[in-house]
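Sequence and predicted structure, then a few things I'm wondering about:
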Amino acid sequence: MLYFMKLTCVVIDDEPESVEDILEYIENTGVIKLLKSFNKPVEALNFLKENGPVDLVFMDVDMPVLSGVDLSSMIRHHVKNLIFTTSHAKYALDAFEVSAEGFLLKPFNFAKFLVTVEKFFPTNLQSESNNVSGDYIFVKSKEDDLKLIKVNIADIIALESQLNYIRIYTLRGNIVTHMSLKEAKELLVNYDHIIQLHRSFLISTNHILSVEGNKLSMCNDTRFTIGDNFKDTLNKYLGSKIFKASSKKS
């Protein structure tokens, strides 16, 4: 995937922990460039007046001295897209009234963050999002000092839930990362070849080697047992792929 441009952004939140979470999510997108983060609203206001316009601003609502709602009216001309991040659902109406483009209710995971911001991605990236051969993600490896490892979507064989982690089986080896299987499924929802066949794993149909009863063998010799509730999903996939002679007689 080629990134011809990145979205510029600023983060405004008086809670350092919240800022750290958002900065991690921003880095993981690979499409958003952080200009600066602020814990004090007034400092953010001065920065945006001097350096705007900015593509994205992630801003908490409930902040001391100057609330996010009050600040939004002051920076609106310097911000293309404003996203409120708050722990209080009651502020959703305020976000609507100031024409905010997004609203994230804390605590939110990376999947929810990505769903909110991907509509702002450059159109060339959106059109490539279904191009499996050229697409990739970065995965934070638990077993390699949290190093970010590039994984081609086309190389993913399966993803297996392991308590609070998932193991990603790829053609180049396995990676363990802190994420739920549900979150992984949400992030990979646009890839039709990755399907769920058990409550504990997802598999790539591109790497199925054989199917025998309720046993699935993958190209890396990994075997999975198909869950009873997911047999219809597999049968639907196999229905269009089984190579067999026509039952019609001449």
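Right, received. Where do you want to start?

From now on I want contacts and neighbour counts done on CA atoms only, so please keep to that.
Will do.

got any ranges where this structure has weak pLDDT?
For the chain, applying pLDDT under 70 flags the ranges 1-5, 89-99, 122-134, 241, 243-250.

Span of stretch 67-80 from start to end?
Terminal residues of stretch 67-80 lie 19 Å apart, using Cα to Cα, to the nearest Å.

who's in contact with that stretch?
Contacts to stretch 67-80, defined as Cα atoms under 8 Å, 6 or more residues apart in numbering, come from residues 41, 45, 48-49, 52-57, 59-62, 82, 84, 94-95, 98.

Quick one, which of those residues are buried?
Taking 16 or more other Cα atoms under 10 Å as the criterion, what is buried in the contacts of stretch 67-80 is 41, 45, 48, 53-57, 59-62, 82, 84, 95.

Ile226 - how many residues pack around it?
Look at Ile226: counted by other Cα atoms under 10 Å, it has 20 neighbours.

That one contacts Glu212, correct?
No - with contact defined as Cα atoms under 8 Å, Ile226 does not count as touching Glu212 (10.2 Å).

SS state for Val42?
Look at Val42: counting by DSSP: H, G, I helix; E, B strand; the rest coil, its state is helix.

For it, give me its contacts.
Contact partners of Val42, counting by Cα under 8 Å, 6+ apart, are Leu66.

My guess is Leu35 contacts Leu7. True?
No - using Cα under 8 Å, Leu35 makes no contact with Leu7, being 9.9 Å away.

out of these two, which sits in the more crowded spot?
Applying other Cα under 10 Å to Leu35 and Leu7 shows that Leu7 carries more neighbours, namely 16 against 13.

What values do phi and psi take at the more buried one?
Here is the backbone geometry of Leu7 (degrees, to the nearest 10): phi -80, psi 130.

Tell me if Val176 really is in a strand.
Yes - under three-state DSSP, Val176 sits within a strand.

Could you break this protein into its assigned domains?
Following automatic domain parsing, one finds the domains of the chain at 7-126, 132-239.

How far away from the center of its chain is the longest one?
It stands for domain 7-126. Mean C-alpha position of domain 7-126 versus that of the full chain (Cα atoms, centre = their mean, to the nearest Å) differs by 17 Å.

Now, the contacts of stretch 67-80 that are in strands?
Among these, the members falling in strands are Val54, Asp55, Leu56, Val57, Met59, Asp60, Leu82, Phe84 (criterion: DSSP state E).

Residue for residue, what is the longest helix this structure has?
Once the chain is assigned using DSSP state H, the helix that runs over the most residues is helix 16-29.

For that one, buried residues please.
Ser18, Val19, Ile22, Leu23, Tyr25, Ile26, Asn28, Thr29.

So which elements touch that helix?
Contact partners of helix 16-29 among helices and strands, from 3 or more Cα pairs under 8 Å, 6 or more residues apart in numbering; DSSP states H and E: strand 7-12, strand 32-38, helix 110-117.

where along this structure do the helices fall?
For the chain, helices defined by DSSP H occupy the ranges 16-29, 41-51, 68-75, 92-97, 110-117, 123-128, 181-187, 231-239.

Kindly spell out which helices and strands sit in contact with the fifth one.
By that I understand helix 110-117. For helix 110-117, the packing partners by 3+ Cα pairs under 8 Å, 6+ apart come out as helix 16-29, strand 102-105, helix 181-187.

got the ones you listed as TSV, with distance to Leu159 columns?
Output for these, formatted as TSV (distance: least, Cα to Cα, whole Å):
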stretch	distance to Leu159
helix 16-29	19
strand 102-105	27
helix 181-187	8
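
For Thr233, find the nearest of those.
Shortest distance between Thr233 and those, using Cα to Cα, is found for helix 181-187: 15.0 Å.
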